[in-house]
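**Student:** Fold the following.
(4 chains)
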2 protein chains.
Amino acid sequence: MTPHPTPARRSRRGHGRATLSDVAALAEVTKITVSRFLREPERVAEGTAERIRAALAATGYVPNKQAGQLASGRSNIVAALIPNLGHSIFGETVQALSEGLQAAGLELLLASTGYSPQREEEQLHTVLGWAPAAVVVTGRRHTPGALALLHEAHAAGTPVLEVWDHHPEHKAPFAQIGFDHAQVGRAMARHLLDAGHRRLAYLDSGVATDFRAHERGAAFVAEAKQAKAKVTMLTAVTGDPFDAGRQAFTTLRALPALPSAVACANDHLACGLLLEAQARGVAVPGELALLGFGDFPVGRQLKPALSTVRPPSQEIGRAAAQAVVEALEHATPARSQALPWQLLARGSTAQSA
Amino acid sequence: MTPHPTPARRSRRGHGRATLSDVAALAEVTKITVSRFLREPERVAEGTAERIRAALAATGYVPNKQAGQLASGRSNIVAALIPNLGHSIFGETVQALSEGLQAAGLELLLASTGYSPQREEEQLHTVLGWAPAAVVVTGRRHTPGALALLHEAHAAGTPVLEVWDHHPEHKAPFAQIGFDHAQVGRAMARHLLDAGHRRLAYLDSGVATDFRAHERGAAFVAEAKQAKAKVTMLTAVTGDPFDAGRQAFTTLRALPALPSAVACANDHLACGLLLEAQARGVAVPGELALLGFGDFPVGRQLKPALSTVRPPSQEIGRAAAQAVVEALEHATPARSQALPWQLLARGSTAQSA
DNA sequence: TTGTAAGCGTTATCAA
DNA sequence: TTGATAACGCTTACAA
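**Tutor:** Below you'll find the model as predicted:
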């Protein structure tokens, strides 16, 4: 069966949608002219353009991107790997990222990793099959395999961004859009030390692979030790973080001496702890000062309001989108950016004296 | 320049990554054998398979999906259009959707619409270019253009799902995975009426295109009127919903008679209203009962705790993923599903008597 | 068990 | 200003 070019032809494989050839046949030009009209309309004569417009409308043509990107070797997909979209902080980042990319004609291929480096590697492998225009991953800790893939992508000229982290001494060539968690941890310790606390604790995330929480915790402990304060590192149980926070109160009680101030890996833990402490008759901040992380809306509503650190969730998404767009425009690697966070001192760490 | 098949060949267009041909050359087979090995390993002789495995590893081959999906005419992309990922309810839906799709080997192409039907149409047009395996949109209200695209996709056999809504009399052929907002609105009214309230108000969302909030509101008003109660419909100002809730208190005050109970389009509005009422010395629920929607974490922490409706955010995502997978498996349209919500009666609507 | 040929729908290149 | 031709990297159909 020789292929014949009549309009009515339909091969055994097509999926029924109008193609460039269909439009071209209707407009009585060849498909390359239609393709050209779509990308550089000014290079097509007005009469021709008019017929093409009509044909486009009549067929309801939607360009096939698989075909287009295969032929051009260019992709407009940006792949992003995020621990959990249900967490408001990441949701805000992704929302801002999505908006910034859309404005530049880029599309977002999203995968969640559930904080698992292993799943991150798998998802990375998966999304890389699209030869994405840029890759966005969360944090700077990856499996060796994932790292290899990222390096390969970077070497091939694909901008690679690590969001939600910005380590001053990071040696990987990827762009970091975020902030220094160690710095936050130190600031959290200092905030409590400055208020006169000498018995501190850090309630770490129960998620073993929440590296950023651990990093804040380690820096918190180091800073406290340097100030010669007593400091204990606790780890929350896994499961609902509110409940984990409540449970942590029991653990605190079991310590030789109750700390006078506890910093938490996130606001949910801190809220649980705060509510449980109050329920057990421990005054906050009088007997126990509490400091969270994340600035979740709930913290503001407690009595006392929860002191916390506001991370630049939205800003990270916005900056990442912008960095991708610039890198693509100038064909350079994306630029790193340290974004400001704020320590919000509220009631739960107010000085009693 | 005749193309020659030696391994070292690199055409003017390729992007440098290893292709099937490279792997095949290294394994001393043809590319179709490698392709076959990748999809049906058992159909390849063990010796050959071994050589192919080695070649795969040596080249770091990553299959090009644009090419694969173009050739096969099948897509593993599921496109989802969501109003705003920064809203926790949608974040949870997308997280669950993402997990469900990943488990089935599907990938998530995500676009946000910012509650704008116009942007939804644009994004729909964009993502449809990938000939996605399924399309997920939020709600059942769309522009005529978007509707035409959805119908076309449906007619072509692509499962189309409308999430976060389930209207019993919906005539479109798309699967609805969600719940009946009118039913929720009526239940909210009944909850307040049953507690003896006769002067009601509904504080609607300031987002003009949050159709689901309006629908709950309309049903709330209808139910109240049927019970011969006084009922007022208010609309929140745009901007931060907490503040909008606070401001709404002023509007309430300006009414001839202060309602004894107000239902809100979402918990943030309700929280703002609650806090402002208390600040102005109005007792909740004594003088003013308040009912929200969304079961945002913050509501549980207020004093009194906010009565609200818990929508099945996660369940919607999970069910949508499952519906997509089933529809794809059986090559049938996706099945609709009504998911249960709960009215959580807490302190803010507790009966005073 | 493996291979040949053709084609998916688009764009790059070069020619007219 | 338009077109012919050859890719892009893969899979389907069919043959050996």
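**Student:** Okay, now the unreliable bits of chain A?
**Tutor:** Scanning chain A with the threshold set as pLDDT under 70 gives A:1-15, A:352-353.
**Student:** What residues does it have near DNA strand D?
**Tutor:** A:12-13, A:29-30, A:32-33, A:36, A:43-45, A:47-48, A:67, A:70-71, A:73 (C-beta under 7 Å from any atom of the strand). C-betas here are computed from N, CA, C, even on glycine.
**Student:** Tell me which helix or strand the residue of the stretch 151-300 of chain A found nearest DNA strand C sits in.
**Tutor:** Per C-beta to the nearest atom of the strand, the residue of the stretch 151-300 of chain A with the smallest distance to DNA strand C is residue A:157, at 16.1 Å. According to DSSP states H and E, residue A:157 maps onto no helix or strand at all.
**Student:** Contacts for stretch A:181-198 next, please.
**Tutor:** Contacts with stretch A:181-198, where a contact means C-beta atoms under 8 Å, 6 or more residues apart in numbering or on different chains, come from A:165, A:167, A:200, A:202, A:212-213, A:215-224, A:227, A:229-231, A:259-261, A:263, A:289, A:291, A:293, A:307, A:309, A:341, A:343, A:345, A:349, A:351, A:353.
**Student:** What are the buried residues along whichever strand or helix holds residue A:92?
**Tutor:** Residue A:92 belongs to helix A:88-103 when assigned by DSSP H and E. Neighbour counts over helix A:88-103 (16 or more other C-beta atoms under 10 Å in any protein chain shown) mark A:88-102 as buried.
**Student:** ok, now stretch A:110-122?
**Tutor:** For stretch A:110-122, a neighbour-count test (16+ other C-beta under 10 Å) marks A:110, A:111, A:112, A:113, A:114, A:115, A:116, A:117, A:119, A:120, A:121, A:122 as buried.
**Student:** Taking helix A:88-103 as reference, get the angle to the longest helix belonging to chain A.
**Tutor:** Secondary structure of chain A per DSSP state H: the longest helix is helix A:313-330. Here helix A:313-330 runs at 30 degrees with respect to helix A:88-103, directions being taken by axes from the mean of the first three to the mean of the last three C-alpha atoms, to 10 degrees.
**Student:** about what we covered before: how far is the helix holding residue A:92 from where the chain is centred?
**Tutor:** Centroid displacement of helix A:88-103 relative to its chain, using C-alpha atoms, centre = their mean, to the nearest Å, is 8 Å.
**Student:** before we move on, what about stretch A:265-274?
**Tutor:** In terms of C-alpha atoms, centre = their mean, the centre of stretch A:265-274 is set 22 Å apart from its chain centre.
**Student:** Could you do stretch A:290-310 as well?
**Tutor:** Distance, centroid of stretch A:290-310 to centroid of chain: 21 Å (C-alpha atoms, centre = their mean).
**Student:** so which strand or helix has the residue of the stretch 51-200 of chain A at minimum distance from DNA strand C?
**Tutor:** Nearest residue of the stretch 51-200 of chain A to DNA strand C: residue A:71, at 2.8 Å (C-beta to the nearest atom of the strand). Assigned by DSSP H and E, residue A:71 falls within helix A:65-72.
**Student:** re earlier: ok, the residue of the stretch 151-300 of chain A closest to DNA strand C to residue B:43 distance?
**Tutor:** 37 Å (C-beta to C-beta, to the nearest Å).
**Student:** can you tell me the helix or strand for residue A:201?
**Tutor:** strand A:199-204.
**Student:** Tell me who's in contact with residue A:311.
**Tutor:** Residues in contact with residue A:311 (C-beta under 8 Å, 6+ apart) are A:89, A:164, A:179, A:293, A:294, A:295, A:341.
**Student:** What ranges does chain A have for its strands?
**Tutor:** All strands of chain A, identified by DSSP state E, fall at A:77-82, A:107-112, A:134-138, A:160-163, A:175-178, A:199-204, A:230-235, A:261-264, A:289-291, A:308-310, A:337-338, A:342-344.
**Student:** Quick check: buried residues in stretch A:317-330?
**Tutor:** Buried-residue list, stretch A:317-330, by 16+ other C-beta under 10 Å: A:317, A:318, A:319, A:320, A:321, A:322, A:323, A:324, A:325, A:327, A:328.
**Student:** Nearest to chain B, out of these: which one, please.
**Tutor:** Distance to chain B across those (C-beta to the nearest C-beta) is lowest for residue A:317, with 9.1 Å.
**Student:** Just give the closest residue to that closest one, not the sequence neighbours.
**Tutor:** Counting by C-beta to C-beta, 6 or more residues apart in numbering or on different chains, residue A:317 lies nearest to residue A:96, which is 2.9 Å off, once chain neighbours are set aside.
**Student:** that older thread, next one: the residue of the stretch 51-200 of chain A closest to DNA strand C from residue A:30, what distance?
**Tutor:** Residue A:71 sits at a distance of 16 Å from residue A:30 (criterion: C-beta to C-beta).
**Student:** do residue A:243 as well
**Tutor:** 67 Å.
**Student:** what does residue A:238 give?
**Tutor:** From residue A:238 across to residue A:30, the span is 62 Å (C-beta to C-beta).
**Student:** quick one: which of these two has more around it?
**Tutor:** residue A:30 (14 against 11; other C-beta atoms under 10 Å in any protein chain shown).
**Student:** For burial, what's the neighbour tally of the nearest residue to residue A:111 once chain neighbours are set aside?
**Tutor:** Sequence neighbours aside, residue A:123 is the residue nearest to residue A:111 in space, at 4.0 Å (criterion: C-beta to C-beta, 6+ apart). Here the count is done by other C-beta under 10 Å, and residue A:123 has 26 residues near it.
**Student:** Contacts only, for residue A:123.
**Tutor:** By C-beta under 8 Å, 6+ apart, the residues touching residue A:123 are A:81, A:111, A:112, A:113, B:102.
**Student:** If we ignore the residues flanking it in sequence, what's nearest the residue of the stretch 151-300 of chain A found nearest chain B?
**Tutor:** Nearest residue of the stretch 151-300 of chain A to chain B, counting by C-beta to the nearest C-beta: residue A:298, 4.5 Å away. In space, and not counting its chain neighbours, residue A:298 is closest to residue B:298: 4.5 Å by C-beta to C-beta, 6+ apart.
**Student:** Pretty sure that neighbour sits against residue B:271.
**Tutor:** Yes. With contact defined as C-beta atoms under 8 Å, residue B:298 counts as touching residue B:271 (5.8 Å).
**Student:** intersection of neighbour lists for these two?
**Tutor:** A:301, B:306.
**Student:** which of those two has more neighbours?
**Tutor:** More neighbours surround residue B:271 than the other of residue B:298 and residue B:271, with 29 against 24 (other C-beta under 10 Å).
**Student:** For that one, list the residues it contacts.
**Tutor:** By C-beta under 8 Å, 6+ apart, the contact set of residue B:271 is A:301, B:242, B:245, B:292, B:296, B:298, B:299, B:302, B:306.
**Student:** Name the member of these with the most neighbours.
**Tutor:** residue B:292 (32 neighbours).
**Student:** now it: how far from residue B:284?
**Tutor:** If you go by C-beta to C-beta, the gap between residue B:292 and residue B:284 works out to 12 Å.
**Student:** list the residues that contact both of the two?
**Tutor:** residue B:348.
**Student:** Distance check, residue A:195 against residue A:263.
**Tutor:** Residue A:195 is 12 Å from residue A:263, by C-beta to C-beta.
**Student:** more neighbours, those two?
**Tutor:** residue A:263 (33 against 19).
**Student:** residues contacting the more buried one?
**Tutor:** Counting by C-beta under 8 Å, 6+ apart, residue A:263 has contacts A:188, A:189, A:192, A:200, A:201, A:202, A:203, A:220, A:290, A:291, A:292, A:293.
**Student:** quick check: domain ranges of chain A?
**Tutor:** Chain A breaks down by automatic domain parsing into domains covering A:20-63, A:73-179+A:313-341, A:181-310.
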